[in-house]
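Student: need a 3D model of the following:
(one chain, ligands or ions: 1)
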Amino acid sequence: MAMYSRLPGSVALITLQNPPVNALSAAVRQGIVDTVQRALKDPKVTSVVICGQNGKFCGGADIREFAGPMLGPPLVPMIHAIEAVDKPVAAAIEGVALGGGLELALGCHYRIAHSKALLGLPEVTLGLLPGAGGSQRLPRLIGLTAALDLITTGRHISAAEALKLGILDQVTDNNVVDQAVEFVRRVAGQPLDSRRLSTLPCPCPPDVDSLLDKAMVKGMEKERDLLTTLFNSGQARALQYAFFSQRVVGKWSLPSGASWDNSAARTISKAAVIGLGTMGRGIVVALALTGISVVAVETQEKQLAEASQAVPAMLQREAGRRSLATPPGVISFSSNLQDVSEVELVIEAVFEDMSLKLQVFRHLTSVCRPGTLLCSNTSGLDIDQLAAVTQSPGLVVGMHFFAPAHVMKLLEVVYGPRSSPEAVATAMQLGKRMGKVSVAVGNCPGFVGNRMLKPYLEQANFLLEEGATPQQVDEALEEFGFPMGVFRMSDLSGLDVGWRIRKEAGLTGPGVESTRTRQGRRYSPLPDQVCEAGRLGQKTGRGWYQYDGPGGRVARSDPWVHIFLEAYRAEHGLVARSIAPEEILERCLYALINEGFNILQDAMAAGPEDIDAIYVFGYGWPRHHGGPMFHAGQVGLGRILERLQHHHHNHPDVPHLKPSTLLRRLVAVGSPPVQTWREFINKERVHSQL
Ligand SMILES: CCC[C@H](O)CC(=O)SCCNC(=O)CCNC(=O)[C@H](O)C(C)(C)COP(=O)([O-])OP(=O)([O-])OC[C@H]1O[C@@H](n2cnc3c(N)ncnc32)[C@H](O)[C@@H]1OP(=O)([O-])[O-]
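Tutor: Residues are numbered from 1 along each chain as shown. Below you'll find the predicted structure:
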């Protein structure tokens, strides 16, 4: 909707009304068309101001409408009509003017913004282009180079930057509507031709040839054709899904019925971090950046001395990167666990070893005030076991950060069977304050992300046994869109991490027989043998690849690995075959997706959006493929099921390839869209089908 009012002094005010961001829904567009007409017809009105309700100008086209048929007046002619009005029209921009919101403002003759407003054309992040004249008006206003930067990056810019670029006519710290009204009163009666951006020539740099000039003449038509193509593309659907899944996960719910809207979070102002290795340091920085006072504890003196040098430098760098003032003096370092007695929340980030973590939790529960939340940054250990040694098991949750913790956006908040809704709500809210995408997940080995990673890694190793090279596997995955294939990623994270976990699980180590079947299923000892050869990845300069030296970054193919793989295959009587990239993708990705279905079935994630957000924000899953579960829907659930059956038939000793019951059930009911799975799963659970 849009509200019309006449202000004293012949100014018409049009207020967009569509909470929370005044997106340009069909009703809003209709409202704008009607109210602009009214202002035009009213002879007493000499100028018009368009603003948005509740401190937000406009968040753009209504993304929720993209999935359905186009209803109501289209955006492009509506904006053209505003530009053609012969009374001055100004946009009063508060909060945001993004996408179609900025395009609407560019159709107005003047733009006045509040100093805190953000502007941008983020369509590219949704797989679209600024298709309501933005790709045409912005270059005409600020030149090709600056416009291309904004359109291709989709970045949000401050009002100050927008003023400098020439997008805005005025920036104010005061009431923006009042300023805009005063502005249009002042300019009423002045000629408007030079303010109609779509009619202006484009200020091109001298080296742009005449071809481009011609292209600009047909720009509006080209924009429309390209937008139509993009609207129908799978990538745009995936990117729009990713936008919403990021928001859906914030509305968490637990099987107990506790959820974001019925559980109160505590606001934390004082926290402690125990253990100042790589993860602990990152967590300290992430907390400090939100203005929380942090007691950073490390019992090993050498590590403490190093951390107290490194952490302030990290904090300063990260604050600079985010254009924030470094919060002064919020971190205190200590070697004494006793010093955490006054904090409201503790995050334990010691070495991933259950007995050590248990020891820390026993200590914490005796040192901390009653009511202190105790969190563990474990990447897969049992939260319930940790809770069991404390006085208040309800106040224990997992906070699984991803390295580097001050940079990576994902946070898995792990609830155990005894975690209280308040503890989950507090951890979720704290994550949000730290700028993370927090996802609530159940307590199972590896939680969600690492649990799904296991079958993925396993398939990659089996593919090496069967004839692939690490490069071939990585290339197939990188071609799909991962920034790094599985072997390059493993080299980066360190091969000893998984090795230690396999040793603890009794899968390898002294006394374990070196066969390719362990604990009743196919097992590849390849990664263990690479570690036994002292090759732990980038940190040792050798792993699945070779590097220039320890800590080297550039992966190069290593003849040692090829000789090693040949010898391994010969020893086990395996005949190498040529493996197509399609098989590599199917085996790695479908095994991972299948585990995703198992996780949904086990209620360890509330819905497919949770899994997809985890993979996009924590594991480099290409955003333009939406996430593993969304991708499954796009490939077709029937096809995924059929291929899993095929691979399981060929490898019956690999349980991860056995299609999950949930996948079968979804195919049986006609493969409904991913957005409906949550409801389907809940119903199936009620009827005990899962
Ligand atoms: C022909 C067309 C061409 C045109 O060029 C195409 C476009 O304009 S493409 C569009 C280009 N525009 C963009 O890409 C801007 C996308 N939006 C954003 O970047 C952020 O939402 C914004 C910065 C505006 C606010 O951030 P914040 O304060 O952290 O708040 P938040 O993020 O949590 O959102 C609050 C609620 O608003 C909802 N919602 C938001 N925007 C839209 C929308 N356009 N539509 C519908 N809904 C939208 C959001 O889902 C959430 O809903 P819920 O049910 O409460 O979960």
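Student: from the chain's centroid, how far away is stretch 396-411?
Tutor: Distance of stretch 396-411 from the chain centroid (C-alpha atoms, centre = their mean, to the nearest Å) equals 13 Å.
Student: what residue in the stretch 151-300 of the chain comes nearest to the ligand?
Tutor: Going by C-beta to the nearest ligand atom, the ligand is nearest to Arg247 of the stretch 151-300 of the chain, at 3.9 Å. Quick note: C-beta positions are derived from backbone N, CA and C, even for glycine.
Student: can you tell me the helix or strand for that residue?
Tutor: helix 234-248 (DSSP states H and E).
Student: helices or strands next to that helix in the packing?
Tutor: Applying 3 or more C-beta pairs under 8 Å, 6 or more residues apart in numbering; DSSP states H and E, one finds that helix 234-248 makes contact with helix 608-618, helix 628-635.
Student: of the ones you listed, which stretch is the most buried?
Tutor: Neighbour counts (mean count of other C-beta atoms under 10 Å) averaged over each of those peak at helix 608-618, with a mean of 28.
Student: point to the helix or strand of the protein where mean pLDDT is at its lowest.
Tutor: Taking mean pLDDT, DSSP states H and E as the measure, the helix or strand of the chain with the lowest value is helix 210-217, at a mean of 62.
Student: after that one, which helix or strand is next? Please name it.
Tutor: For helix 210-217, the following helix or strand on the C-terminal side (DSSP H and E) is helix 219-231.
Student: in contact with the residue in the chain that the ligand sits nearest to, which residues?
Tutor: Closest residue of the chain to the ligand, C-beta to the nearest ligand atom: Gly99 (2.4 Å). Going by C-beta atoms under 8 Å, 6 or more residues apart in numbering, Gly99 touches Gly59, Gly60, Ala61, Gly120, Leu121, Pro122, Glu123, Pro130, Gly134.
Student: most surrounded residue in the residues you listed?
Tutor: Tallying neighbours with other C-beta atoms under 10 Å puts Leu121 at the head of the contacts of Gly99, with 31 neighbours.
Student: could you check the pLDDT of the closest residue to that residue other than its chain neighbours?
Tutor: Nearest residue to Leu121, sequence neighbours excluded (C-beta to C-beta, 6 or more residues apart in numbering): Pro130, at 4.4 Å. With respect to pLDDT, Pro130 scores 96.
Student: got the contact list for the residue positioned nearest the centre of the chain?
Tutor: Centrality entry for the chain: nearest residue to the mean C-alpha point is Phe617, 3.8 Å, by C-alpha atoms, centre = their mean. Contacts for Phe617 were tallied using C-beta under 8 Å, 6+ apart; they are Gln246, Met408, Lys409, Leu410, Val437.
Student: would you turn those residues into JSON lines with neighbour count and secondary structure?
Tutor: Shown next, in JSON lines, are the contacts of Phe617 (neighbours: other C-beta atoms under 10 Å; DSSP: H, G, I helix; E, B strand; the rest coil):
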{"residue": "Gln246", "neighbour count": "18", "secondary structure": "helix"}
{"residue": "Met408", "neighbour count": "16", "secondary structure": "coil"}
{"residue": "Lys409", "neighbour count": "16", "secondary structure": "coil"}
{"residue": "Leu410", "neighbour count": "21", "secondary structure": "strand"}
{"residue": "Val437", "neighbour count": "20", "secondary structure": "strand"}
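Student: could you dump these into a markdown table with pLDDT added?
Tutor: Below are the contacts of Phe617 laid out as a markdown table (pLDDT from 0 to 100):
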| residue | pLDDT |
| --- | --- |
| Gln246 | 95 |
| Met408 | 95 |
| Lys409 | 96 |
| Leu410 | 98 |
| Val437 | 97 |
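Student: what's the most distant pair in these?
Tutor: Pairwise distances across these (C-beta to C-beta) peak at 14.4 Å, for the pair Gln246 and Met408.
Student: which helix or strand contains Pro510?
Tutor: Using DSSP H and E, no helix or strand contains Pro510.
Student: if we can go back for a sec, pipe the helices and strands packed on helix 234-248 into a markdown table and attach mean pLDDT and distance to the ligand per row.
Tutor: Shown next, in a markdown table, are the helices and strands packed on helix 234-248 (pLDDT from 0 to 100; distance: least, C-beta to the nearest ligand atom, whole Å):
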| stretch | mean pLDDT | distance to the ligand |
| --- | --- | --- |
| helix 608-618 | 98 | 11 |
| helix 628-635 | 98 | 16 |
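Student: could you list the domains of this protein?
Tutor: 2-227, 270-447, 468-571 (automatic domain parsing).
Student: got the residues of the stretch 51-200 of the chain near the ligand?
Tutor: By C-beta under 6 Å from any ligand atom, the part of the stretch 51-200 of the chain that sits against the ligand consists of 59-64, 75, 96, 98-100, 103, 122-123, 126, 128, 130-132, 134.
Student: in helices, which of those fall?
Tutor: Among those, the residues falling in helices (DSSP state H) are Leu75, Gly100, Glu103, Gly134.
Student: for the last one, give me the pLDDT.
Tutor: Read it as Gly134. 96.
Student: all further residue positions should be reported with the first residue as 536.
Tutor: Happy to do that; since the first residue is 536 now, the last one works out to Gly669.
Student: what secondary structure does Gln873 sit in?
Tutor: Here Gln873 is recorded as helix under DSSP: H, G, I helix; E, B strand; the rest coil.
Student: show me what contacts it?
Tutor: Counting by C-beta under 8 Å, 6+ apart, Gln873 touches Val902.
Student: give me the distance between the residue of the stretch 686-835 of the chain closest to the ligand and Gly655.
Tutor: To Gly655, Arg782 is 18 Å away according to C-beta to C-beta, to the nearest Å.
Student: Leu965 now?
Tutor: Using C-beta to C-beta, we find Leu965 at a distance of 28 Å from Gly655.
Student: for Asn978, same thing?
Tutor: For Asn978, the distance to Gly655 - C-beta to C-beta - is 40 Å.
Student: buried sites along stretch 694-711?
Tutor: Ala694, Glu696, Ala697, Leu698, Leu700, Ile702, Leu703, Asp704, Gln705, Val706, Thr707, Val711 (16 or more other C-beta atoms under 10 Å).
Student: those: which two are farthest apart?
Tutor: Of all pairs drawn from these, the greatest distance, 18.5 Å, lies between Leu700 and Val711 (C-beta to C-beta).
Student: so Val712 sits against Ala625, correct?
Tutor: No. With contact defined as C-beta atoms under 8 Å, Val712 does not count as touching Ala625 (9.8 Å).
Student: from Ile567, how far out is the residue lying closest to Gly636 once chain neighbours are set aside?
Tutor: Distance criterion C-beta to C-beta, 6+ apart; nearest residue to Gly636, sequence neighbours excluded, is Cys593 at 3.0 Å. Applying C-beta to C-beta, the value for Cys593 to Ile567 is 10 Å.
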